[in-house]
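S.K.: Here you go, sequence then predicted model.
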Amino acid sequence: MKLLRNTVIRVGLEALYFSGAHFLLRPIFAGVGAIFMLHHVRPRRDVEFQPNHHLEVEPEFLRAMLAHLRALDVDIVTMDEVHQRLQERNFARRFACFTFDDGYRDNRDYALPVMREFGAPLTVYVTSDFAEGTGRLWWVALEKAIAKASSIEAPIGGVKIRFDASTPAAKQAAFDRMHNWLRALPTEHDMQREISALCTRYDVDETPIARNLCMSWEELKAFADDPLVTVGAHTITHCNLARQSEETASFELATGRARIEAKLQRPVLHLAYPYGDRIAAGQREFRLAKAAGFKTAVTTRPGMIFPESADHMTALQRVSLNGNYQDARILPVLTSGAATAMWNGFRRIDAA
């Protein structure tokens, strides 16, 4: 299913490019700016099975997007500036903002040097348990378990199902099915129980994953001292907030923020919702983020920024820079707003 979706998206992007429709749609759907969403920035890994590849782009693709925006004379701004322009209705110039979720070390090692080339600021949303080294990046643990196995078993719907994992294609199909199963489990405890059982069964040590991939507090302190860097919050545990009680969700928001402020000795005013889609962040979460005192909060719902986004500061849409579509030809399609407009049924704002 995900392979089909990726193919449809790729075909759609290419159709917009080759037809030139994005030029016609730009004046209507480019909005006043865009908030770009990234996770990893690093050289491509030389392995066939990369189910999380959509979460990583190569430094050269990031460089190409920055050069494209400079050629368009777009201002590259901080999240504070996004908030200010929306609040003041200052739309004399178009803007772009670059945001990175989770707090990966490669944001420092590969993304920041590229951003420095352009004098471009970036916001990194930190999951406090990841910085602590105690968090669980379950999607990485799942990749590691399937990578090691020739077949893999999971109790889906109360029935033990064995998946073929003997080829990269079979591994991808198994990952997609199991990823959907894990995300659909009733609670975070259920998800962690099942992923830990898988790791035990297939001899994967999940405990060092966060330490290996994410910046520690000491690293974040030095990183945050760079004038281009803003650090935002991404909860304590990277849980699906919509599946938590209101009390727990509020605790995740407030305590995740407080931990970062205490460790880095600087205010944290911006939030990214973990997962950030419709099943992880909705009206209740938008309200809780505002009540927690965040100036802005970003989702993973696709879309550009429009003047009316000012009425939805804790439900801001983003444009994903997706590792599956690293083709410089699509850059003008992405910045035109045509692709996200089509995805949203030509709605400008998705904050319901």
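M.R.: On my side now, so go ahead.
S.K.: distance of the closest residue to Ser150 other than its chain neighbours from Asp176?
M.R.: Leaving aside its sequence neighbours, Ser150 sits nearest to Ser166 (C-beta to C-beta, 6 or more residues apart in numbering; 4.9 Å). No exception for glycine: its C-beta is placed from N, CA and C like everyone else's. According to C-beta to C-beta, to the nearest Å, Ser166 stands 16 Å off from Asp176.
S.K.: Neighbour count for the two, which is higher?
M.R.: Set Ser166 next to Asp176 and count neighbours by other C-beta atoms under 10 Å: Asp176 wins out with 15 against 12.
S.K.: My read is that the more buried one contacts Pro51, right?
M.R.: Yes - proximity of Asp176 to Pro51 meets the contact threshold set by C-beta atoms under 8 Å, at 7.4 Å.
S.K.: you'd agree Lys160 is in a helix?
M.R.: No - looking at Lys160 with DSSP: H, G, I helix; E, B strand; the rest coil, it is strand, so not inside a helix.
S.K.: So it sits against Ser151, correct?
M.R.: No - the pair Lys160 / Ser151 is not scored as a contact, 12.0 Å apart, by C-beta under 8 Å.
S.K.: More neighbours: those two, which one.
M.R.: Taking neighbours as other C-beta under 10 Å, Lys160 and Ser151 compare with Ser151 leading, 12 against 9.
S.K.: so after the helix or strand of the chain with the lowest mean pLDDT, what's the next helix or strand?
M.R.: One helix or strand of the chain scores below all others by mean pLDDT, DSSP states H and E: helix 2-19, with a mean of 69. For helix 2-19, the following helix or strand on the C-terminal side (DSSP states H and E) is helix 21-29.
S.K.: ok now whichever helix or strand comes after that following helix, how far from the chain's centre?
M.R.: Next along the chain after helix 21-29, taking DSSP H and E as the criterion, comes strand 33-38. Centroid separation for strand 33-38 versus its chain: 10 Å, with C-alpha atoms, centre = their mean, to the nearest Å.
S.K.: partner strands of the following helix or strand past strand 33-38, parallel or antiparallel?
M.R.: Where DSSP H and E defines the elements, the next helix or strand beyond strand 33-38 is strand 40-41. Strand pairing for strand 40-41, determined by DSSP bridges: strand 56-57 (parallel).
S.K.: any idea how the protein splits into domains?
M.R.: 2-132+215-343, 138-201 (automatic domain parsing).
S.K.: Tell me which of the ones you listed lies nearest to Pro208.
M.R.: Closest to Pro208 of the domains of the chain is domain 138-201 (C-beta to C-beta; 10.7 Å).
S.K.: so the residue nearest to Ser150 makes contact with Ile146?
M.R.: No - Ser166 is not in contact with Ile146 according to C-beta under 8 Å; the separation is 11.0 Å.
S.K.: Please enumerate the strands of the stretch 1-150 of the chain.
M.R.: Secondary structure of the stretch 1-150 of the chain by DSSP state E, counting those that start in this stretch: the strands cover 33-38, 40-41, 56-57, 75-76, 95-102, 122-126.
S.K.: what helices or strands is the first one leaning on?
M.R.: Yep, that's strand 33-38 we're talking about. helix 79-88, strand 95-102, strand 296-302, strand 316-320 (3 or more C-beta pairs under 8 Å, 6 or more residues apart in numbering; DSSP states H and E).
S.K.: can you list contacts of it?
M.R.: Outside strand 33-38, the residues that touch it by C-beta atoms under 8 Å, 6 or more residues apart in numbering are 57, 62, 65, 74, 77, 79, 82, 85, 94-101, 111, 298, 300, 304-305, 316-321, 334-335, 337.
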